Structures are given as structure tokens and as C-alpha cells.
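Engineer: Attaching a predicted model along with its sequence, questions to come.
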Amino acid sequence: MADPELVDVVVIGLGVGGEEVAGRLAEAGLSVVGVERDLVGGECPYWGCVPSKMMIRAANAIAEARRVDGLAGTVEVRPDWAPVARRIREEATDTWDDTVAVRRFTGKGGRFVRGTARLDGPGRVRVGERVFQARHGIVLGTGTRPSVPPVDGLAGTPYWTNRQAIEVEELPESLLVLGGGAIGLELAQVFARFGVRVTVVEALDRVLAVEEPEASEVAAAALRADGVEIRTGVRAERVGHDGRAFTLHAAGGAEFTAGRLLVVTGRRAHLDELGLDTVGVDAGQRYLAVDDRLGVTEGIWAVGDVTGEGAFTHVAMYQAGIVVADVLDHVRRADGGTDPSGTASATGGAAGATGAGGSDRAVPRADYRALPRVTFTDPEVGAVGLTERQARERGVNVQVGLARLPSSARGWIHKAGNEGFVKLVADADRGVLIGATSVGPAGGESLSALVVAVHAAVPLARLRQMIYAYPTFHRAIEDALRELS
Ligand SMILES: Cc1cc2nc3c(=O)[nH]c(=O)nc-3n(C[C@H](O)[C@H](O)[C@H](O)COP(=O)(O)OP(=O)(O)OC[C@H]3O[C@@H](n4cnc5c(N)ncnc54)[C@H](O)[C@@H]3O)c2cc1C
């Protein structure tokens, strides 16, 4: 075996989070090795956010065109998947080639290694025959893969995950979607709008079960209006494939048949075979337990989906900022006070002025109270903070206010496609919002005002004094504030 190569930091997994950390540490002057076994950039640009949102953009254009009837004349819509597939291939993914992304990283001074990395004792990382000894730390950004339920017969069939659904060049006639979460609903609506006969099968009693029940109702109604069959409370028991079609047998005897089966029942962290046991970390965890500066154990940090703090690109980017600041802070201390970039405290910002354990570490602590989440169905479902139920379960003295978009001025003007609402969850004792949901044609955009309110704990009295532009969708926030009781 070769002698270990001495470097400052090794980053394992160059998805959204890992690439950001590795690139910024390299720019700060550290010697950084970034290891990626698949594509630099990870799930988001190649099989996640970016291509799925291109699909949604196209599907929404079709839906808007269909709304012309009754508002502005008539339009004949003939959906064609070819431009969507081409855009994903050529503009989003370079035909699933990461040459540009690798150059982006090496251009910042990082060393790129293609391969599967494994921890090999404290400070050591092995990639095939090569071994790296990290002087200052190791960052784990290994992400997730689809979690496939142990349904009898499923493993032997050519089912799709998000990857095949994103890469598809020719649409099937019919599609079964197993899982009614955000990814399942987004893709179900896209395919339905392009003429695919889509059935969503969800084991729980409602789709988008992590969000407010009112959001589940609006989303389900919207998808049904697009022709999607939604079956909730249906537990898949067995799957068969006869070479042409899938049959899903559910508990209670129901059967569903379609040309393709898309399994989107959650994600699972990439932790197995990472060698966690060699550094004294429990290898059987579902997600990597981290402290509020993303530390896993001495000299090891984690970033992104693998932490289980929210499987979103914006969470990975947010955490990356904290990891970068904390690693640089450690380097500064280890080197006797010299920050390699001169940015450690600047990156930390005022929020971290209190530091850890009474020390003066100017590194911010992660705070997920105002974590926004958006499901990009039409209408969009945006949410931040706690749902009403979560707040009640925590014993908060809850006030709730809800305003429907169709009865707002903008909703009434908008007419076709105006479904949605704003729901606010307030802590009556503190007089602040602790959660909010914004559903509508611009639900994700309207959410931003509510994220500020929850993040900064803006008093309800101040929110009521604000001026909300007329006639915007976000004016429904003012209506919902009036409804708080
Ligand atoms: C269909 C879909 C749509 C989505 N839409 C959105 C959206 O609209 N908005 C949003 O915020 N989020 C969205 N997400 C989630 C988003 O893609 C993830 O939150 C994001 O990619 C997480 O980044 P990450 O760096 O944690 O992990 P990943 O992007 O998963 O990257 C991890 C990387 O680590 C590599 N790796 C793993 N193990 C090893 C190893 N041992 N050695 C070397 N390399 C390794 C993997 O190959 C991978 O490239 C979507 C996801 C999907 C599937």
C-alpha cells in the first residue's frame, strides 16, 4: 500500500454540500482533496431539483395554456416531451457529464479524486489504493439514495426511481407512483400534464402528510383536476412485472396496473461502507448525528442530506457555510491564531459571537426553526416552521389564522388556477409566528415574507402594521393575521 498523502482536509462526496465546502476551503488556501464516486454536483443538478423544475416549468406552461379558454380565447395544446428531455440532457446535465463541475472545483485550487472513499481510522481516508491523511479534518457529504420499501416482488422488477424518471426520453402511457410525498406529487403532475395516465398510491391517509392537512387537500384536488388518480390509505403488498406492465397488489385486495412504476417513498443516508466504525461512530444510524456546528466527532464534520436535518439544497448550502467557518476556526487555532483566509470570523458573523461552550469561537450555530420547504406542484405548497399539529404537540398556546386565495382580490382576479391559502400558526404567549403555510400559484415566493417573520420572530403587532401591496397573492398574509384566534 502507498504511503499516506498528507493534506489539510478531505471531503467525501461532492454533492451540493460537499462541493461547496471543498471549494470554499480550497479558495481559503487549504490543501483540499474532494472525492466523488459519481458526478460532482450530486443529485440536485443531475437527477433532482434542476431537471425536475425544468419538467415542472414545461408542464406548468401547458397548464397555463389550457387556462386560456375562458380568459383569453382558445389555444390548441399538443404536449411534446422531446424539448423537455432535450433541455434536461443538453442544458441541465451535459448528458450527465460533470467535466464543467470538476473544473469548477479544481479551478478553486482543490484536488479532485474520482472514486469511493472510506474512513480508515482517525484522520485517514482510503480511495482504492490511495490513502490520505487529513491534518485538519474530514467532511462527510455523502447524501442519500432512494429508500425502497421491502414490498414482496418489487426488488426483481425494473421499477423507476427519480433517476429513471428524470432521464426518460419517451413517456409511458401509464405510470404508478408509489409515494405521495413532495417528489411523487411533483413528478405525477408533470407526467399527467403531458398525457400520461397517472395513479398515486400512498400508504398514509393523505398526500404531503408532513404538511398542513389543508395543503394536502388543495394539492390532491389540483392533481385530480389534472387527471391523476390519488389513492390514499393504500398499503402495497406485492408487485409483479410481466415484461410489459406492472401490477401492484394492495392490502385489502385492490390492484393497480401501469406500464411503469415510480418508487418515491423517501430517501436513505449513504452511511454503510463508509468505515464509520473505524473512527468510533455508530455505523447503524439512519442519519449522522451532528452537533450544532455540524461536528460528528473530533476532526469530522457532516453536511447536507446525510445529517437528516432536511433534504433540501438550501439546507446543504446553509450547513456548508457553518462547516467552512468551523473548519477555518479550527485551522486558525491549530496554527496558533493564523486564519488561512482571514475570513473565519467574517464567515461566522455576529450570530456566532457567543461561540461554543463559553469560548470565543465566532462560528454560527445551525438553527432550523425557520427552515423553508417548497413542493413545486401547481399550486405550489410553501411552508416554514411548525405545523399547527406540531405546535400543539409541543404544548404551545396556539393561535391559527387561515385566508383562502380565491376570496382575496388577487385570487379573484386570477380566476383559473387560483387555488390556495395562507395559514399562520402563532405562539399566543410570545406574540410571534412559529409556522406558516403558503399555497398558491406563487406559494413558494409568497413564503419568503413568512420565513422572515418566523426567522426574526417579528411581533404579530408589527406584522399587522405592515403595508402589503395590492393586489398581490401575499396580501393574504394580512387577511390570515386578522383571522388569528
Ligand atoms: C427528484 C428530486 C427533486 C428535488 N428537488 C429539490 C428542490 O426543488 N429543492 C431542494 O432544495 N432540494 C430538492 N431535492 C433535494 C436535493 O437534491 C438534495 O437535498 C441535495 O442534493 C443534497 O445535497 P447533498 O450534498 O447532501 O447530497 P447529494 O447531492 O446526494 O450528493 C452526495 C454525493 O456523495 C457521493 N458519495 C456518496 N458516498 C460516497 C463515497 N463513499 N465516496 C465518494 N462519493 C460518495 C454521491 O455520489 C453524491 O454525488 C430534490 C431531490 C430529488 C431526488
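Structural biologist: Structure received.

Engineer: burial of the closest residue to the ligand within the stretch 51-200 of the chain, as a residue count?
Structural biologist: The ligand sits closest to residue 143 of the stretch 51-200 of the chain, with a gap of 2.2 Å, by C-beta to the nearest ligand atom. Quick note: C-beta positions are derived from backbone N, CA and C, even for glycine. By the other C-beta atoms under 10 Å criterion, the neighbourhood of residue 143 contains 25 residues.

Engineer: residues in contact with it?
Structural biologist: When contacts are counted by C-beta atoms under 8 Å, 6 or more residues apart in numbering, residue 143 is found next to 13, 15, 17, 42-43, 269-270, 304-306.

Engineer: do the same with residue 480
Structural biologist: Residue 480 makes contacts with 401-403, 421-424, as judged by C-beta under 8 Å, 6+ apart.

Engineer: about what we covered before: among the contacts of residue 143, which are in reach of the ligand?
Structural biologist: Intersecting the contacts of residue 143 with the surroundings of the ligand, defined as C-beta under 6 Å from any ligand atom, gives 13, 15, 17, 42-43, 270, 304-306.

Engineer: wouldn't residue 419 be in contact with residue 222 here?
Structural biologist: Yes: under the contact definition of C-beta atoms under 8 Å, residue 419 touches residue 222, with a separation of 6.1 Å.

Engineer: Spell out which residues are contacts of both of the two.
Structural biologist: Once C-beta under 8 Å, 6+ apart is applied, the residues that residue 419 and residue 222 both contact turn out to be residue 379.

Engineer: Show me which residues of the stretch 201-350 of the chain are close to the ligand?
Structural biologist: Counting by C-beta under 6 Å from any ligand atom, the positions of the stretch 201-350 of the chain adjacent to the ligand are 270, 274, 304-306, 311-314, 316.

Engineer: cool, and the stretch 351-485 of the chain?
Structural biologist: In this structure, the stretch 351-485 of the chain approaches the ligand at residues residue 376, judged by C-beta under 6 Å from any ligand atom.

Engineer: so where's the stretch 351-485 of the chain uncertain?
Structural biologist: 351-361 (pLDDT under 70).

Engineer: What's the local residue count around whatever residue of it ends up closest to the ligand?
Structural biologist: Residue nearest to the ligand within the stretch 351-485 of the chain (C-beta to the nearest ligand atom): residue 376, separated by 5.9 Å. Residue 376 is flanked by 23 other residues according to other C-beta under 10 Å.

Engineer: Might you report the residue contacts of it?
Structural biologist: For residue 376, counting by C-beta under 8 Å, 6+ apart, the contacting residues are 52-53, 56, 186, 444.

Engineer: 6 Å - rerun?
Structural biologist: For residue 376, the contacting residues are 56, 186, by C-beta atoms under 6 Å, 6 or more residues apart in numbering.

Engineer: how far away is it from residue 141?
Structural biologist: Distance, residue 376 to residue 141, using C-beta to C-beta, to the nearest Å: 24 Å.

Engineer: go on, residue 48?
Structural biologist: 15 Å.

Engineer: Neighbour count for the two, which is higher?
Structural biologist: Under the criterion of other C-beta under 10 Å, the comparison of residue 48 against residue 141 puts residue 141 first, with 32 against 22.

Engineer: so which of the contacts of residue 480 is the most crowded?
Structural biologist: With neighbours set by other C-beta under 10 Å, the maximum within the contacts of residue 480 is found at residue 422, which has 31 neighbours.

Engineer: Can you find the residue of the stretch 301-450 of the chain that comes nearest to the ligand?
Structural biologist: The nearest approach of the stretch 301-450 of the chain to the ligand comes at residue 304, 2.1 Å away (C-beta to the nearest ligand atom).

Engineer: so where do the strands sit in the stretch 301-450 of the chain?
Structural biologist: For the stretch 301-450 of the chain, the strands identified by DSSP state E, counting those that start in this stretch occupy 372-375, 380-385, 398-404, 421-427, 432-440, in order along the chain.

Engineer: Partner strands of the shortest one, with direction?
Structural biologist: According to DSSP bridges, the neighbouring strands of strand 372-375, each with its direction, are strand 380-385 (antiparallel).

Engineer: And for the third one?
Structural biologist: Strand 398-404 has the following strand partners under DSSP bridges: strand 421-427 (antiparallel).

Engineer: Now do the same contact list for residue 236.
Structural biologist: Applying C-beta under 6 Å, 6+ apart, one finds that residue 236 lies in contact with 151, 248, 250.

Engineer: I'd like the residues you listed as TSV, with secondary structure, neighbour count and distance to residue 37 appended.
Structural biologist: Below are the contacts of residue 236 laid out as TSV (DSSP: H, G, I helix; E, B strand; the rest coil; neighbours: other C-beta atoms under 10 Å; distance: C-beta to C-beta, whole Å):
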residue	secondary structure	neighbour count	distance to residue 37
151	coil	20	28
248	strand	23	32
250	strand	18	37
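
Engineer: would JSON lines of those residues with pLDDT be doable?
Structural biologist: Output for the contacts of residue 236, formatted as JSON lines (pLDDT from 0 to 100):
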{"residue": "151", "pLDDT": "97"}
{"residue": "248", "pLDDT": "98"}
{"residue": "250", "pLDDT": "96"}
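
Engineer: Residue 208 contacts residue 216, correct?
Structural biologist: Yes: taking C-beta atoms under 6 Å as the contact criterion, residue 208 and residue 216 are neighbours in contact, 4.8 Å apart.

Engineer: Tell me where the stretch 151-300 of the chain has strands.
Structural biologist: So, for the stretch 151-300 of the chain - with DSSP E, counting those that start in this stretch - the strands run 174-178, 197-201, 229-231, 236-241, 246-250, 255-258, 260-263, 267-269, 295-297, 300-302.

Engineer: At the geometric centre of this structure, which residue do we find?
Structural biologist: residue 312 (2.4 Å; C-alpha atoms, centre = their mean).

Engineer: Relative to residue 375, how far out is that one?
Structural biologist: Shown here: residue 312 relative to residue 375, a distance of 11 Å by C-beta to C-beta.

Engineer: do the same with residue 473
Structural biologist: Applying C-beta to C-beta, the value for residue 473 to residue 375 is 16 Å.

Engineer: Kindly report the same for residue 163.
Structural biologist: As judged by C-beta to C-beta, residue 163 and residue 375 stand 20 Å apart.

Engineer: more crowded one of those two?
Structural biologist: residue 375 (24 against 15).

Engineer: Show me the beta-bridge partners of the more buried one.
Structural biologist: When bridges are called by DSSP bridges, residue 375 pairs up with residue 381.

Engineer: Please tell me how far the lengthiest strand in the chain is from the chain's geometric centre.
Structural biologist: Taking DSSP state E as the criterion, the chain has its longest strand at strand 130-140. Per C-alpha atoms, centre = their mean, to the nearest Å, the displacement of strand 130-140 from the mean C-alpha position of its chain is 27 Å.
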